[in-house]
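> Mind folding the following:
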Amino acid sequence: MKTFDSERTLLTSIFLLALAVRALYVALFVGWETPPIYDGVRYDIFAVHILSGEFYGVDEPTAMKPPLYSLFLALVYLLFGHSLAAARMAQALLGSITCVLIHFVGKALFHRRVGLLASIGAALYPAFIFVTGKIYPETLLVFLLTLASLVSLRAINGSRRSQMALGVLMGASALTRPVIVFLLPFVVLWLFLAMKWRESLKALGAVIVSMLLVILPWTMRNYLTFHEFIPLSTGWGYFFWQGNNPFAYGGAVLATEETWGPNPPTGWGIWEGLSENQSSRRFFEAGIRWIKDNPGDFISLVPKKWARLLSPATHTTQVSGWNPELAKILLLPYLSFLLLALYGAVLSRRLWKKAFFIWSLIVSTFLATAIYYGGTRYAIPMAPALIVFAAVGVDSLFAKFSRSQYPRNRAASFAPHRIRRCGG
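Predicted coordinates:
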């Protein structure tokens, strides 16, 4: 009982620390009611239109952005009025809850100490704090993926309810950021590797059916609105071309007269006379043609995309560009963090069955980046996995230091081989 009480006290303290850090950041560096910029403007307008019963869009219906984050904003606005301060506070609360969830992921995979280290790391993780002040979907996405990581640990043990819950959370994540569909093939592989094939088929059915049921209402809305099959988003082709064209540099290229040529699209990359989906297909075909004609250039772009993904302060387009001063400040700590995560991941290799889902968060993020483009913001979905692995690395190093300094004490309990094995 004492252990439970102390753990609860520690987690309450970490939650309050995370909340205080996020609130202070917004108050001092952003402003609670500061108007959103870039995509944040559209998400805000979408939420207002949802509440007013109008179409989902700005000036006309759209399927460029999936709806879950705008629904989240609409719920906040319904409760507190059209208040950006309320939206940012809701994100601060959601981000702080995520820090607690990361503790339970680390504890379930490894042990309590790793969970607490990961939770503290998440509370102070710069990218998590930064997106709290943005009207962007990343805070909601990380919450959903962290909860999915926790649920996956029961799903792999055969719990049908957990498998269904995993599908629901993956569907919700895809309705927040469609790129999460790159996670699905790795989940399929994981279920077939970790289970007997009959059980894996049942588990896979539970996951996929639940995921599709979550996505289906949005897909039906799109068909009724646009008379086209649009499962998640009409932005897929534009985003693909942005990372793969003659002007590609690793980030997102905007379609202008200089980069596209005569008659560039307007707004979100939509040509007059073409639907969103038709415009997207035009972009996709142009990107594919460029790759076929320049396979070497495409391959050489991949390291540049990954470098931007792993940079501590890289924006996504050539308009916003780099933040060189912030990058210099964060570079050494962030490289240290990545090395610790790599070290912890290597130590965790025997736990592949249980840790496969959080491994998949990392691998699928790198795959999506290779196909599209890179930026610090797009590394956020894999951050919970990196934080947990970094906590394993810190815990192991502390164990080695403790044993070398105090060989007769019980520091051996920190040793990597004490990590719980799958099913044990």
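> and the next element down the chain from the helix or strand that contains residue 357?
Per DSSP states H and E, residue 357 falls inside helix 352-371. Following helix 352-371 in sequence order, the next helix or strand is helix 383-405 (DSSP H and E).
> between that following helix and helix 352-371, how big is the angle?
130 degrees (axes from the mean of the first three to the mean of the last three CA atoms, to 10 degrees).
> Counting by contacts, list what the helix or strand hosting residue 283 packs against.
Element membership for residue 283 (DSSP H and E) is helix 276-293. Packing contacts for helix 276-293, counted by 3 or more CB pairs under 8 Å, 6 or more residues apart in numbering; DSSP states H and E, involve helix 236-243. Where you see a C-beta, it was placed from the backbone N, CA and C, and this is true even at glycine.
> What mean pLDDT does the helix it packs on get?
Per-residue pLDDT over helix 236-243 has a mean of 94.
> ok, now stretch 14-33?
For stretch 14-33, mean pLDDT is 95.
> Same check on stretch 129-148?
95.
> Quote the end-to-end distance of it.
Stretch 129-148 has its terminal residues 21 Å apart, counting by CA to CA, to the nearest Å.
> roughly how far out does that stretch sit from the chain middle?
Its chain's C-alpha centre and that of stretch 129-148 lie 7 Å apart, by CA atoms, centre = their mean, to the nearest Å.
> Equivalent analysis for stretch 266-275, please.
28 Å.
> just stretch 14-33 next, same as before
Centroid separation for stretch 14-33 versus its chain: 21 Å, with CA atoms, centre = their mean.
> Go through that stretch and flag the buried ones.
For stretch 14-33, the neighbour count (16 or more other CB atoms under 10 Å) marks 14, 15, 17, 18, 19, 21, 22, 23, 25, 26 as buried.
> Which helix runs longest in the protein?
For the chain, the longest helix by residue count, based on DSSP state H, is helix 197-226.
> looking at this protein, which helix or strand does the model trust least?
The helix or strand of the chain with the poorest confidence is helix 324-347; it has a mean of 86 (mean pLDDT, DSSP states H and E).
> Go ahead and name everything in contact with the helix or strand containing residue 188.
Element membership of residue 188, judged by DSSP H and E, is helix 184-194. Residues from elsewhere that reach helix 184-194 (CB atoms under 8 Å, 6 or more residues apart in numbering): 156, 166, 170, 200, 203-204, 207-208, 211, 353, 356-357, 359-360, 363-364.
> next one: stretch 42-56
Applying CB under 8 Å, 6+ apart, the external contacts of stretch 42-56 come out as 36, 57-58, 61-62, 65, 67, 69-71, 73-74, 76-78, 82, 84, 135-137, 221, 225.
> Equivalent analysis for stretch 74-89, please.
Counting by CB under 8 Å, 6+ apart, 23, 26, 30, 32-36, 44, 47-48, 50-51, 73, 90, 132-133, 135 sit against stretch 74-89.
> ok, now stretch 276-290?
The contact list for stretch 276-290, computed with CB under 8 Å, 6+ apart, reads 62-64, 226, 228, 230, 234-238, 240-241, 243-246, 255, 265, 268-271, 274, 298.
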